[in-house]
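**Student:** With the input below, show me the fold.
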Amino acid sequence: MTQFILSIDQGTTSSRAIVFDHSASIVASGQLEHRQHFPRAGWVEHDAIEIWDNVRQAVGLALTRANLTHTDIAAVGLTNQRETTVVWNRHTGIPVCRAIVWQDTRTQRIVAELAREHGVDRYKSAVGLPLATYFAGPKVRWILDNIPGARESADNGDLLFGTMDTWILWNLTGGVDGGIHVTDVTNASRTMLMGLESLAWDESIVADLGIPLSMLPEIRSSAEVYGFGREHGMLPGVPIAGVLGDQQAATFGQACFREGMAKNTYGTGNFLLLNTGETPVHSQNGLITTVCYQIGDAPAVYALEGSIAVTGSLVQWLRDNMGMFADAPDVETLAREVDDNGGAYFVPAFSGLFAPYWRPDARGALLGLTRFVTKQHVARAALEATAFQTREVVAAMNADSGIPLAELRVDGGMVANELLMQFQADQLGVDVLRPTVIETTALGAAYAAGIAVGFWDGQESVTENWSEAQRWTPSMPVAEREKLFRNWKKAVSRTFSWVDDDVDA
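**Tutor:** Numbering: from 1, shown residues only. Presented below is the predicted three-dimensional model:
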């Protein structure tokens, strides 16, 4: 009897495979990091072949550590870093260039060109997204315009496009030998090419970007059997039955199934999603409208999302680029050596500012410096930046929904940082809740796959399995909270308009 679900979580910095049992407990896992390529200022790339190799190794590690084989796996769920764009040859399986990562800003001139006559909201009513370098559609256009031979090959029908879910799924199910070319509604909603209500490619927008329709994957729901593991792979015959973009997967794993429920994931960036039900809500306050999930033939459920580009990656930057500490968790130790930020504010606009500003012209800045400020204060300012950015998104969400947030469910690697979690509760003025299983991204994809094959009895099982592990309650005086936030807003305003028109970054 197959008693386990395997979840593949292909993230921005690593690829993981996690085996879950029926109680949604982790049985075993495997994880490998991949290289981050920064060939020019503003450019961020991944090697898609390296990522596929790492996925296979991670699956092998997880199964070996659990002492299982493919015969023990009921289904595979897949979740992924969103918007990161791969274009590859359907006949050879080889990408035409490295994957362009969601943080990459090289498409700014394409975005500006598209926005010239109709503004950044040109397609927002149709797709829920502003024109921004963040999304996948302009990345495809850049590849076709700039990689030698790509345009001709695409016009001949030789190239395929996919976000990382599509790339992994195509390889899992056979690659050049019959691999399926599909994506799910959550990932498709991040391309800037899918109609929010039709859940189909918007052919007029696709034409505006000069992308041949033959490149685009078929759009399917988030929970159904798409295909089966390739015959000579590690998962032969195992159904691949769940696909969700990472933030939607985390929302699903956090059991945010009622309208008004919200979660925030603290990872490379921060992503706060609010369930808005079966009707898309168009933001008036700098948020984006996205598909939250769709289970089989059921209606799609939508969400408002506040996307923050740089949070956990700021800690990595302090570790790797500045050499401030050896391991990422050391940032908390360093920050606890001081009582406050010493007047320093760190605005990590390395890829411009996402929600609620959408300012690609912004760049990172460390402000309020005096000779009193130490590296301990900088470490604390970096953590506080995550909480301040989240507060801005929550304020926008409260304004759009008309319902003040009552509590915030949190997940992701940074939620192990208790100093950050307490400061987050203090800044929001509401309780912050961490679940027992913090790997909610992988868990959400596992749930989708398990529901599709009958391993779990629908979303009720997800709700029953969710449990609270820790809660942080606000304790900071309101006057202190507001003073800190006022200075943060002042710091943010200083980062605007740094990139001029003649700077390609």
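
**Student:** So which elements touch the one helix or strand in the chain whose mean pLDDT sits lowest?
**Tutor:** None of the helices or strands of the chain scores lower by mean pLDDT, DSSP states H and E than helix 459-465, at a mean of 85. If you count contacts as 3 or more Cβ pairs under 8 Å, 6 or more residues apart in numbering; DSSP states H and E, helix 459-465 packs onto helix 440-452. To be clear about C-beta, it is placed using only N, CA and C from the backbone, and glycine gets the same treatment.

**Student:** Show me what the helix it packs on is packed against.
**Tutor:** For helix 440-452, the packing partners by 3+ Cβ pairs under 8 Å, 6+ apart come out as strand 4-10, strand 14-20, strand 73-80, strand 223-228, strand 239-245, helix 246-253, strand 262-266, helix 459-465.

**Student:** Among these, which comes closest to residue 357?
**Tutor:** With Cβ to Cβ as the criterion, residue 357 lies closest to strand 262-266 of those, at 17.8 Å.

**Student:** Over the closest one, what's the mean pLDDT, rounded is fine.
**Tutor:** Computed over strand 262-266, the mean pLDDT rounds to 90.

**Student:** Neighbouring strands - and their directions - for it?
**Tutor:** Strand 262-266 has the following sheet partners, assigned by DSSP bridges: strand 270-277 (antiparallel), strand 407-411 (parallel).

**Student:** circling back to that earlier point, mind listing what's buried along the least confident helix or strand of the chain?
**Tutor:** Buried residues in helix 459-465, counted by 16 or more other Cβ atoms under 10 Å: 459, 461-462, 465.

**Student:** just these now: which is nearest residue 302?
**Tutor:** The closest of those to residue 302 turns out to be residue 459 (Cβ to Cβ; 15.8 Å).

**Student:** tell me the contacts of the closest one?
**Tutor:** 255, 257, 295, 451 (Cβ atoms under 8 Å, 6 or more residues apart in numbering).

**Student:** Recalculate using a threshold of 6 Å.
**Tutor:** Residues in contact with residue 459 (Cβ atoms under 6 Å, 6 or more residues apart in numbering) are residue 257.

**Student:** repeat for the one 3 residues further on
**Tutor:** Contacts were defined as Cβ under 6 Å, 6+ apart; by that measure residue 462 touches 255, 447.

**Student:** what do you get if the cut-off is 8 Å, keeping everything else the same?
**Tutor:** For residue 462, the contacting residues are 24, 252-253, 255, 257, 447, 456, by Cβ under 8 Å, 6+ apart.

**Student:** Could you point out which residue ranges in this structure have low pLDDT?
**Tutor:** 1-2, 501-505 (pLDDT under 70).

**Student:** residue furthest from the geometric center of it?
**Tutor:** In the chain, the residue that sits farthest from the middle, by Cα atoms, centre = their mean, is residue 371; the gap is 37.6 Å.

**Student:** Shouldn't it be within a strand?
**Tutor:** No. Assigned with DSSP: H, G, I helix; E, B strand; the rest coil, residue 371 falls outside any strand and is coil.

**Student:** That one and residue 420, how far apart?
**Tutor:** 27 Å (Cβ to Cβ, to the nearest Å).

**Student:** Can you show me the strands along the stretch 201-350 of the chain?
**Tutor:** Using DSSP state E, counting those that start in this stretch, the strands of the stretch 201-350 of the chain run over residues 218-220, 223-228, 239-245, 262-266, 270-277, 288-293, 301-308, 345-347.

**Student:** which strands and helices sit next to the last one?
**Tutor:** So that's strand 345-347. Applying 3+ Cβ pairs under 8 Å, 6+ apart, we find strand 345-347 packed against strand 365-367, helix 375-401, helix 478-493.

**Student:** still on that earlier bit, and the residue farthest from the centre of the chain, backbone torsions?
**Tutor:** phi -70, psi -10 (degrees, to the nearest 10).

**Student:** I'd assumed residue 357 was in contact with residue 492.
**Tutor:** Yes. With contact defined as Cβ atoms under 8 Å, residue 492 and residue 357 form a contacting pair (7.4 Å).

**Student:** of those two, who's got more company?
**Tutor:** Per other Cβ atoms under 10 Å, whichever of residue 492 and residue 357 has more neighbours is residue 492, with 22 against 18.

**Student:** Skip the chain neighbours and tell me the closest residue to that one.
**Tutor:** Leaving aside its chain neighbours, residue 492 sits nearest to residue 347 (5.4 Å; criterion: Cβ to Cβ, 6 or more residues apart in numbering).

**Student:** which parts of stretch 162-180 are buried?
**Tutor:** For stretch 162-180, by 16+ other Cβ under 10 Å, it's 162-175, 179-180.

**Student:** how about the residues you listed, which pair is most distant?
**Tutor:** Among those, 163 and 174 lie farthest apart (Cβ to Cβ), at 18.9 Å.

**Student:** ok, what's across the strand from residue 163?
**Tutor:** Counting by DSSP bridges, residue 163 is bridged to residue 85.

**Student:** distance of it from residue 54?
**Tutor:** 17 Å.

**Student:** burial count for the residue nearest to residue 492?
**Tutor:** Residues within reach of residue 347, counting by other Cβ under 10 Å, total 24.

**Student:** separation between it and residue 194?
**Tutor:** Distance of residue 347 to residue 194, given as Cβ to Cβ: 32 Å.

**Student:** And for residue 409?
**Tutor:** On the measure of Cβ to Cβ, residue 409 and residue 194 end up 27 Å apart.

**Student:** Among the two, which residue is more densely surrounded?
**Tutor:** Of the pair residue 409 and residue 194, residue 194 is the one with more neighbours under other Cβ under 10 Å, namely 27 against 24.

**Student:** so what's residue 237 up against?
**Tutor:** For residue 237, the contact set (Cβ under 8 Å, 6+ apart) comprises 70, 228-229, 231.

**Student:** Report how many residues lie close to the residue nearest to residue 209 when sequence neighbours are not counted.
**Tutor:** Spatially, and ignoring its direct neighbours in sequence, residue 209 is nearest to residue 141 (4.6 Å; Cβ to Cβ, 6+ apart). By other Cβ under 10 Å, 20 other residues sit near residue 141.

**Student:** Please enumerate the strands of the stretch 1-150 of the chain.
**Tutor:** 4-10, 14-20, 26-33, 45-46, 73-80, 85-89, 99-100.

**Student:** a markdown table for these, including distance to residue 238 and mean neighbour count?
**Tutor:** Shown next, in a markdown table, are these (distance: least, Cβ to Cβ, whole Å; neighbours: other Cβ atoms under 10 Å):
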| stretch | distance to residue 238 | mean neighbour count |
| --- | --- | --- |
| strand 4-10 | 8 | 28 |
| strand 14-20 | 12 | 24 |
| strand 26-33 | 16 | 17 |
| strand 45-46 | 26 | 22 |
| strand 73-80 | 5 | 29 |
| strand 85-89 | 23 | 24 |
| strand 99-100 | 25 | 26 |
